[in-house]
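S.K.: Sequence and computational prediction follow.
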Amino acid sequence: MAFHDRRTLDGVYSVKQSARYIMNYRYAEERMMRMMAGWIALTPELAVKLEMARQVYECALHTDALGKRTAELRSQAQVSRPPNEAFAGCMNEIEDCEEWEQTIERLVGIHRVLKPHLIAHYSAHVAAANPVYEPPTLRILAHLVEDEKRHAERGLVLIADLLDSAEKHRRAGLWQAHLEELLAAAGGVTGFEEEEQRKLGRS
């Protein structure tokens, strides 16, 4: 009889863990949708307004697709859940850029920090998930990766147009570094890094 490695058959993520991560992803997508929707009226640049509106719509589609998938994984449908308070705090920090002149900070938070982070996590999940029982998850996340890459690229173009002075470049860099520090301290969208640090601390 052939020996089968159960870890390979089961994949890196159990059904329960996959459902939890999808709730985390849904939280991030829903928050992005709400942030950008709220920022449209606060943003003076027309090109940025129009791009935000497009991305709000697509983030709403992402949120819905992820919410439907949680029910298929034997969890409550359409539930968003941050991995921890620190990640929710990081999202609050991004969202709090509500001044008229903070378009650069708004775009940096979404397109140079949050979306690249989500692309990396979605891609890693796709690479690790079991193709036998997780095809719907793989299809959803693969689609999200393509959308988010396109969003990030468009955002970077808009940022480049706004960074017309050394001072604005400095602002953008400092804000990006601050948010990336908060994101890392939270363990990212799944809290995984924080979880691993806790385990190491107990060993």
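M.R.: Ah, there it is. Numbering: from 1, shown residues only.
S.K.: Grab the most central residue of the chain for me.
M.R.: residue 118 (3.6 Å; Cα atoms, centre = their mean).
S.K.: Downstream of whatever helix or strand it lives in, the next helix or strand is which one?
M.R.: Using DSSP states H and E, residue 118 sits in helix 115-128. Sequence-wise, the next helix or strand downstream of helix 115-128 (DSSP H and E) is helix 135-162.
S.K.: Buried residues, that following helix. List them.
M.R.: By neighbour count with 16 or more other Cβ atoms under 10 Å, helix 135-162 contains the buried residues 137, 140-141, 144-145, 147-148, 151-152, 154-156, 158-159, 162. All C-beta atoms are positioned from the backbone trio N, CA, C, and that covers glycine.
S.K.: ditto for stretch 46-59
M.R.: 48-49, 51-52, 55-56, 58-59.
S.K.: JSON lines please, covering those and showing secondary structure, distance to residue 174 and pLDDT.
M.R.: Listed next are these as JSON lines, based on DSSP: H, G, I helix; E, B strand; the rest coil; distance: Cβ to Cβ, whole Å; pLDDT from 0 to 100:
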{"residue": "48", "secondary structure": "helix", "distance to residue 174": "20", "pLDDT": "98"}
{"residue": "49", "secondary structure": "helix", "distance to residue 174": "25", "pLDDT": "98"}
{"residue": "51", "secondary structure": "helix", "distance to residue 174": "24", "pLDDT": "98"}
{"residue": "52", "secondary structure": "helix", "distance to residue 174": "23", "pLDDT": "98"}
{"residue": "55", "secondary structure": "helix", "distance to residue 174": "24", "pLDDT": "98"}
{"residue": "56", "secondary structure": "helix", "distance to residue 174": "27", "pLDDT": "98"}
{"residue": "58", "secondary structure": "helix", "distance to residue 174": "29", "pLDDT": "98"}
{"residue": "59", "secondary structure": "helix", "distance to residue 174": "26", "pLDDT": "98"}
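S.K.: hang on, the earlier thing: and the least confident of the buried residues of helix 135-162?
M.R.: Looking at these by pLDDT, the weakest one is residue 137, with 91.
S.K.: Touching, that one and residue 69? I think so.
M.R.: Yes: between residue 137 and residue 69 there is a contact at 6.2 Å, judged by Cβ atoms under 8 Å.
S.K.: tell me, what's touching those two both at once?
M.R.: residue 22 (Cβ atoms under 8 Å, 6 or more residues apart in numbering).
S.K.: quick revisit: packing partners for the helix holding residue 118?
M.R.: helix 15-39, helix 135-162 (3 or more Cβ pairs under 8 Å, 6 or more residues apart in numbering; DSSP states H and E).
S.K.: Now tabulate those helices in TSV and tack on distance to residue 179.
M.R.: Converted to TSV, the helices and strands packed on helix 115-128 look like this (distance: least, Cβ to Cβ, whole Å):
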stretch	distance to residue 179
helix 15-39	13
helix 135-162	14
